[in-house]
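**Q** From the sequence below, what's the structure:
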Amino acid sequence: MQSEQISPYEYPHTLSPSHDQKWSVYLIRLNNIFCLYNSTFTIVPVLPLTLSSCQADNFNKLFDTLSHSSKLLRGLHLLKEKEFQDSSIKAHIENRDLNFDTDISSFINSVLSRSHRKIVLDRVFINHPTALQLLTDPKDISDAVVDHFQNAIPIKSTSPLHIFALPDRWHSEYSPMNNVSPDIYDSLLSPPFLEEWLSTVSSMPNGKASDPLHDFI
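**A** Now for the predicted structure:
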């Protein structure tokens, strides 16, 4: 048959030395909390040294005191958390405004909530067939990384001889467009007429070009 646990709150006469032993530990913690946050309490609670010294009505008062103290500390915690959030938001806004003047790239990344994924290379292992090597010096690591990305994958720099030599994907991209006449390029290198020069220069804002007639007299 399972025994029912008896609560000292309902039956203070059932207190045992183990209850007082546990209470002595809690009492130290509670007094430290009350001392640390004494400005939160109108009156700092005074707790009994032992539970065995409490009568039945004292237990009700003790539990009410602890419950009220818990609510006050919980309210203080929420208030401090809100103050921290407000100060963090304010600092973030001020930092963003500063970046707008000094570091526009960081400002844009912050506004767009973009973050850069980075890796830190503090060592490089070179698996050479005859001489294995572990690099830890930052300069050696940097040189090895640059060499790897320059030479690890050979680059084919030979241009295709004809557009049809391109893969199908790029062949369609570089093929002439059917809806664009090839004749539009015929006059690109033709020198402009005098009337075109005069019309273009005279249409420019004042102060941006010399008088067109002065240039041709």
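
**Q** Show me the longest helix that occurs in the protein.
**A** For the chain, the helix that runs over the most residues, judged by DSSP state H, is helix 56-102.

**Q** Can you name the next helix or strand after that one?
**A** Elements were assigned by DSSP states H and E; along the chain past helix 56-102, the next helix or strand is helix 104-111.

**Q** what helices or strands is that next one leaning on?
**A** Contacts defined by 3 or more CB pairs under 8 Å, 6 or more residues apart in numbering; DSSP states H and E place helix 104-111 against helix 56-102. In this view, the C-beta of every residue, glycine as well, is placed from N, C-alpha and C.

**Q** so how far is the helix it packs on from its chain's centroid?
**A** 23 Å (CA atoms, centre = their mean, to the nearest Å).

**Q** Could you figure out how far the longest helix of the chain is turned away from helix 104-111?
**A** Here helix 56-102 runs at 140 degrees with respect to helix 104-111, directions being taken by axes from the mean of the first three to the mean of the last three CA atoms, to 10 degrees.

**Q** I'd like the mean pLDDT over helix 56-102, please.
**A** Per-region confidence: helix 56-102 scores 86 on mean pLDDT.

**Q** now stretch 194-201
**A** For stretch 194-201, mean pLDDT is 87.

**Q** Counting neighbours, show which residues of stretch 132-144 come out buried.
**A** Going by neighbour count (16 or more other CB atoms under 10 Å), the buried part of stretch 132-144 is 135, 144.
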